[in-house]
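Asker: dropping a prediction and its sequence here:
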Amino acid sequence: EMPSPLIGVLMKMYRWIIAGLLCMMSIGIYAVSRIVDINGTGQYTSIQTAINASSPGDSVLVYPGIYVENIFIQTNNLTIVSQEYFTNNPAYIDSTVIDGRQLSFCIRIYSNTQGIVVRGFSITNGKSTGGGGGVSLSTNSSSSIVNCNIYGNKARLGGGVIALQCSTSLSGVNIYDNYAYNSGGGLYINSYMSTVNVTFDPINRCSIYNNTAGYGQDIV
């Protein structure tokens, strides 16, 4: 059995290594890396607090836990990831959960917000009277959603995800068991009076299935 002081030293070394990797992945000379841990061992205990403190080019690393939050993003060029980013271990997707508690969307990227990366989360229990119970991508935003499971969300349009007049790429995203009481149970894409660009990774492929809606069960 490893002595407890040695375990503490190794844990500190591990966190410094992760922080160093975050610095390398951040963009810009003044970029900051922020660690979120619901257990209190990081700089922040909530994802939203870390995002609020961030500036363009910063990175947010989220440790495993169930984060009961409704997250909004309106700062450009943020990278928000779980430990799946560094390890490629899908177990971190299951263990790093954003739970919208049926109060509002889980994640909303606001209009005109550019260069957002969200990777390695389970996104569930969101609810929206408009669109995008799980993830709401607003007008003229740009984003990449990577290796996320989006399930158990509800909305009028796009129970899982709504992409409204925006640009987004989806890679390794599973959208399932969501509900829209109007249309687009899984994914709702709308370019009304503008343009929309949704790109699916042909290699790290997405799965959209078992969603329900008034019409257009999986994709509208």
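Answerer: Arrived safely, thanks for sending.
Asker: check which helix or strand the most centrally placed residue in the chain maps to.
Answerer: Residue closest to the average C-alpha location in the chain (C-alpha atoms, centre = their mean): Val118, at 4.0 Å. Assigned by DSSP states H and E, Val118 belongs to strand 116-119.
Asker: so where's this structure shaky on pLDDT?
Answerer: Applying pLDDT under 70 to the chain flags residues 1-30.
Asker: go again using 90 as the cut-off
Answerer: 1-32, 192-194 (pLDDT under 90).
Asker: where do the helices sit along it?
Answerer: Remark: helices assigned in the chain by DSSP state H are 4-25, 47-52, 84-87, 91-95.
Asker: is Ser143 bridged to anything, and to what?
Answerer: Ser143 has the following beta-bridge partners by DSSP bridges: Ile116, Thr168.
Asker: and the gap between it and Tyr179?
Answerer: 23 Å (C-beta to C-beta, to the nearest Å). Quick note: C-beta positions are derived from backbone N, CA and C, even for glycine.
Asker: repeat that for Val36.
Answerer: Distance of Val36 to Tyr179, computed by C-beta to C-beta: 29 Å.
Asker: still on that earlier bit, and the residue nearest to the centre of the chain, what does it touch?
Answerer: Ile80, Val81, Ile107, Val135, Ser143, Ser144, Ile145, Val146, Cys148 (C-beta atoms under 8 Å, 6 or more residues apart in numbering).
Asker: ok, Val36 and Tyr179, which is more surrounded?
Answerer: Val36 (23 against 19; other C-beta atoms under 10 Å).
Asker: pretty sure the more buried one sits against Gln48.
Answerer: No. Taking C-beta atoms under 8 Å as the definition, Val36 is not a contact partner of Gln48, at 9.4 Å.
Asker: tell me the contacts of Asn197?
Answerer: Cys166, Ser167, Thr168.
Asker: most neighbours among those residues, which one?
Answerer: Using other C-beta under 10 Å as the neighbour criterion, Cys166 leads the contacts of Asn197 with 27 neighbours.
Asker: quick one: that one from Thr87, how far?
Answerer: As defined by C-beta to C-beta, Cys166 lies at a distance of 30 Å from Thr87.
Asker: check Ser128 too.
Answerer: In terms of C-beta to C-beta, Ser128 sits 32 Å off from Thr87.
Asker: who has more neighbours out of the two?
Answerer: Remark: of Ser128 and Thr87, Ser128 carries more neighbours, 25 against 11, as counted by other C-beta under 10 Å.
Asker: what sits closest to the more buried one if chain neighbours are left out?
Answerer: Leaving aside its sequence neighbours, Ser128 sits nearest to Ala155 (C-beta to C-beta, 6 or more residues apart in numbering; 4.1 Å).
Asker: for that neighbour, what are its contacts?
Answerer: 105, 126-133, 162, 179-181.
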